[in-house]
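Novice: sequence unknown, structure follows:
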């Protein structure tokens, strides 16, 4: 029994020793007869990958271990460290061992979270790297090489999150100087104490971007390097004892900020609470203390001591505001969007735990309200999102059986936007998670593809059913047991199908409304009328009722999915939809109800003028 999940395959040495990595960050060497721990080797993060064993004269001589701390370790069979190599990004790819062309020495191959295939010499020096990152902007930040490489007769094969399979001939990068994807240099400095920029897709960049959109959220990664080795350093993550100066972030020109750190103390989340001003340069300064040591319980580190300090100063310019937000609401059609490929690479353990992946989540979205832009190009809007599924031709259609039906309230400036939902539960892979905040940011292009897409979520770790305590032991809660903070990215595409069109012959008769009290629930009910010969099947469509404050152009947040029910006739045609409003639900002074047929707002009524 370890103090973490075990996802890696066991490997058996020549003497029968069983080597197994755990999410508690340790590699275990187990006696094959008794299961006793001969020794264990700690790394700086959980271990997802399986080890590779190198042999000399038929006997295991070296154990190659990859950790999500971004480091490949070479160990002797007694558990002593021979050398380590830090890539600067997460490693989930299991290493494989090949030979040099003359057969005299080993080469270790593995993929990395930065999209690079690594080849290291047996002494730990870099032989070469090959960058598989896609040239397509939509996929450039989706480049994790989490799969393991396979060695062919003449080269290495590896697949990645970018939907591509690459073949790289052996030592190709040593034979050409014209290939920009090749490198033979270590990218991390010998000595460093500071923070690096991290993309929404989780890629660490040593150079801060010169330009970022007005909707940006900044993610920074703490990095401490001494004499060419990475120090397992972190921000103060204790519920008590952290000084107010342990992390200080400022931005000029001044903007209200929400600043948090990740549970592992390696990342800093900086969320501007308003859209940044266009055509303006911002300066960000980050300083604080870093800690090392402490007592490990699973992947959770308790305590530790202040070891040093760090600082970083960055500048970036916000471009001029782009064209207006490309969303519209017509009498028969609204702009439709597909949201797919939601990913949450930060903190690093989340993708390893969630092996099903968030890619299963397909949403259809359409605007319900859009206010006109003011003199500064700013306005507000609300999107309605429902779960979707692929039909027989591979196109997305409404999925009445999905767990998703929710509003997203937003503000825009030109084509930059921030969308949020607050204090609501949402089922992720069937687990009902109460979110404090769910947020999407980005710049929506005229082609309805989002540029710089960023996602952020905030939930109390112990509030997550069943898995809450396990997530704490897994080190996923900041300040030991408090918030689980997640950052990631997503993809949007244009949608034009049944779901965003007004259905022919389907009419909304009226909406009845009963306000809730402190002691009694309320409800809103909409009844449909179908013209003769019209079919509107409950197993093909999703009805919704949305409560909106028309004064502030904000949705009333609640669990719309769980509180919505439908009624159909004996032929399966939808007849009505009911939204149960929980007792005690706070409602604005003015209230408007929208009736959604899939994502088309077919009817609206002021029920609290």
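Specialist: Arrived safely, thanks for sending. What you see is a predicted model, and the numbers here were worked out from it, not measured in a lab.
Novice: quick one: contacts for the residue lying farthest from the centre of the chain?
Specialist: Here the chain reaches farthest from its C-alpha mean at residue 532, the gap being 47.1 Å by Cα atoms, centre = their mean. Contact analysis of residue 532 by Cβ atoms under 8 Å, 6 or more residues apart in numbering lists nothing. Where C-beta positions appear, they are placed from N, C-alpha and C, glycine not excepted.
Novice: and it, what helix or strand is that in?
Specialist: Assigned by DSSP states H and E, residue 532 belongs to no helix or strand.
Novice: For residue 605, which non-adjacent residue is closest in space?
Specialist: Distances taken as Cβ to Cβ, 6 or more residues apart in numbering put residue 511 closest to residue 605, at 4.7 Å, once the chain neighbours are dropped.
Novice: Beyond whatever helix or strand that neighbour lives in, next helix or strand please.
Specialist: Assigned by DSSP H and E, residue 511 belongs to strand 506-514. Next helix or strand after strand 506-514 toward the C-terminus (DSSP H and E): strand 522-530.
Novice: Off-centre distance for that next one?
Specialist: Distance, stretch centre to chain centre, for strand 522-530: 37 Å (Cα atoms, centre = their mean, to the nearest Å).
Novice: Run me through the strand neighbours of the helix or strand just after that strand, direction for each.
Specialist: The first helix or strand that comes after strand 522-530 along the chain, using DSSP H and E, is strand 543-549. Paired with strand 543-549 in the same sheet, following DSSP bridges, are strand 554-555 (antiparallel), strand 591-597 (antiparallel).
Novice: TSV for the ones you listed, including mean pLDDT?
Specialist: Putting those into TSV (pLDDT from 0 to 100) gives the following:
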stretch	mean pLDDT
strand 554-555	98
strand 591-597	98
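Novice: I'd like those strands laid out as CSV, including distance to residue 496.
Specialist: CSV is the format used below for the strands paired with strand 543-549 (distance: least, Cβ to Cβ, whole Å):
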stretch, distance to residue 496
strand 554-555, 24
strand 591-597, 16
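Novice: Indicate which one of those is closest to residue 573.
Specialist: strand 591-597 (12.7 Å; Cβ to Cβ).
Novice: what's next to that closest one, contact-wise?
Specialist: The list of residues contacting strand 591-597 from outside it, by Cβ under 8 Å, 6+ apart, reads 368-369, 384, 386, 502-503, 506, 508, 511, 513, 524, 526, 541-550, 556, 577, 601-608.
Novice: Can you say which of those are buried?
Specialist: Burial by neighbour count, 16 or more other Cβ atoms under 10 Å: within the contacts of strand 591-597 this picks out 368-369, 384, 386, 502-503, 506, 508, 511, 513, 524, 526, 541-549, 556, 577, 601-605, 607.
Novice: need the contact list for the residue nearest to residue 568 when sequence neighbours are not counted.
Specialist: Nearest non-adjacent residue to residue 568, counting by Cβ to Cβ, 6+ apart: residue 538, 4.1 Å away. If you count contacts by Cβ under 8 Å, 6+ apart, residue 538 has them with 400, 566, 568, 572-574.
Novice: most surrounded residue in the residues you listed?
Specialist: Neighbour tally across the contacts of residue 538 (other Cβ atoms under 10 Å): the maximum, 23 neighbours, falls on residue 574.
Novice: So that residue, which state does it fall into?
Specialist: strand (DSSP: H, G, I helix; E, B strand; the rest coil).
Novice: do the same with residue 469
Specialist: Going by three-state DSSP: residue 469 is helix.
Novice: Go ahead and confirm it touches residue 462.
Specialist: Yes: using Cβ atoms under 8 Å, residue 469 is in contact with residue 462, at 6.9 Å.
Novice: Tell me how far residue 368 lies from residue 486.
Specialist: 26 Å (Cβ to Cβ, to the nearest Å).
Novice: rewinding a little: from the contacts of residue 538, which two are the most distant?
Specialist: Most distant of these, by Cβ to Cβ, are 400 and 573, 13.0 Å apart.
Novice: Residue ranges in this structure under the pLDDT threshold?
Specialist: Applying pLDDT under 70 to the chain flags residues 355-357.
Novice: ok, the residue nearest the centre of the chain - contacts?
Specialist: What sits nearest the mean C-alpha location of the chain, by Cα atoms, centre = their mean, is residue 344, with 1.5 Å. Neighbouring residues of residue 344 by Cβ under 8 Å, 6+ apart: 350-351, 354, 358, 455, 457, 486-488.
Novice: Now do residue 65 against residue 44, distance only.
Specialist: In terms of Cβ to Cβ, residue 65 sits 12 Å off from residue 44.
Novice: So for these two, which sits in the more crowded spot?
Specialist: More crowded of residue 65 and residue 44, by other Cβ under 10 Å: residue 65, with 26 against 20.
Novice: Identify the residues contacting whatever helix or strand that one lives in?
Specialist: Taking DSSP H and E as the definition, one finds residue 65 inside strand 59-66. If you take Cβ under 8 Å, 6+ apart as the criterion, strand 59-66 is touched by 13-15, 17, 19, 21, 27, 41, 43, 47, 49, 51-55, 72-77, 82, 91-95, 97, 106, 108, 110, 122.
Novice: Drop anything exposed from these.
Specialist: Here, 16+ other Cβ under 10 Å leaves 13, 17, 19, 21, 27, 41, 43, 47, 49, 51-54, 72-75, 77, 91-95, 97, 106, 108, 110, 122 buried among the contacts of strand 59-66.
Novice: Among those residues, name the ones in strands.
Specialist: Judged by DSSP state E, strands contain the following of the buried ones among the contacts of strand 59-66: 19, 21, 27, 41, 52-54, 72-75, 97, 106, 108, 110.
Novice: and which of those is nearest to residue 315?
Specialist: Closest to residue 315 out of these is residue 72 (34.1 Å), distances taken as Cβ to Cβ.
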